[in-house]
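1. Provide a 3D model corresponding to the input given below.
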Amino acid sequence: MRVHLGVLAGAAALSGALSFVLLAAAIGTDFWYIIDTERLERSGPGAANRSQLEPLSSHSGLWRTCRVQSPCAPLMNPFWQENVTVSDSSRQLLTLVTLAGISIYIAYSAAAFREALCLLGEKALLDQVDIRFGWSLALGWISFVAELLTGVAFLAAARVLSLRQRQDQAI
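-> A predicted model of the protein is given here:
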């Protein structure tokens with residue numbers, strides 16, 4: 001089977017560009033993680049009083065979390081200031097504070113889950129709350145596969161060039 005170098009180069013360029021566009025779209029959108037509580041709000045305890053409360057459904061990206069009827073809130077801003085110099089001791093303190101915050105968040109999430117189970121009684125919480133990964137994560141995975149295809153195309157092009165050089169040297 002004869003493979004043309006131009007076809008391999010075109011395939012590598014096309015899959016590389018596709019990978020970049022998909023990754024940029026995945027990073028820039030807010031649908032990595034989706035929590036849908038509509039069924040819980042309609043049928044759960046106190047459903048009649050919930051019409052005045054804000055819905056709990058949300059979707060999150062890498063940079064912010066968006067609730068249904070509220071503006072999006074940033075999770076963090078890694079580009080907040082360019083000229084900040086942080087000493088090593090301050091950086092270590094920030095690391096410890098971050099680890100403590102993550103530990104507290106995990107403990108809070110477990111307690112909130114137990115409380116929600118108690119409130120629902122015999123109904124299964126996971127039947128009432130729909131938690132899933134969104135299309136932004138799917139774009140990230142498709143971008144990863146396209147990047148792998150780019151690498152395979154480049155390796156195949158390198159192999160074709162190597163075989164051509166050997167043929168030229170043999171002649």
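
2. Can you tell me how far residue 57 is from residue 72?
-> 13 Å (Cβ to Cβ, to the nearest Å). C-beta: built from backbone N, CA, C; applies to glycine.

3. what about these two, which has more around it?
-> residue 57 (18 against 15; other Cβ atoms under 10 Å).

4. who's in contact with that one?
-> 35, 36, 37, 38, 67, 68 (Cβ atoms under 8 Å, 6 or more residues apart in numbering).

5. again, 7 Å this time
-> Residues counted as contacts of residue 57 (Cβ atoms under 7 Å, 6 or more residues apart in numbering) are 35, 36, 37, 38, 68.

6. Please apply the same query to residue 8.
-> Neighbours of residue 8 in contact, by Cβ under 7 Å, 6+ apart: 153, 156, 157, 160.

7. how about these in JSON lines, adding secondary structure and neighbour count?
-> As requested, the contacts of residue 8 are exported to JSON lines (DSSP: H, G, I helix; E, B strand; the rest coil; neighbours: other Cβ atoms under 10 Å):
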{"residue": "153", "secondary structure": "helix", "neighbour count": "20"}
{"residue": "156", "secondary structure": "helix", "neighbour count": "16"}
{"residue": "157", "secondary structure": "helix", "neighbour count": "18"}
{"residue": "160", "secondary structure": "helix", "neighbour count": "17"}
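
8. where does this protein have low pLDDT?
-> Scanning the chain for pLDDT under 70 picks out the ranges 1, 44-54, 75-86, 120-126.

9. give me that answer again for 50
-> 79 (pLDDT under 50).

10. Just the buried residues out of the contacts of residue 57, in PyMOL syntax.
-> In PyMOL, a selection of the buried entries from the contacts of residue 57 looks like this (16 or more other Cβ atoms under 10 Å):
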select buried, resi 36+37
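
11. Go through the contacts of residue 57 and flag which are in strands.
-> The strands, defined by DSSP state E, take in 35, 36 from the contacts of residue 57.

12. Please identify the one among the contacts of residue 57 that lies nearest to residue 101.
-> residue 35 (20.5 Å; Cβ to Cβ).

13. Which residue ranges of this protein form strands?
-> Using DSSP E, strands in the chain cover 33-36, 58-60, 64-67, 73-74, 130-133.

14. Need the winner for burial among those strands.
-> Stretch with highest mean neighbour count among the strands of the chain: strand 58-60 (a mean of 20; mean count of other Cβ atoms under 10 Å).
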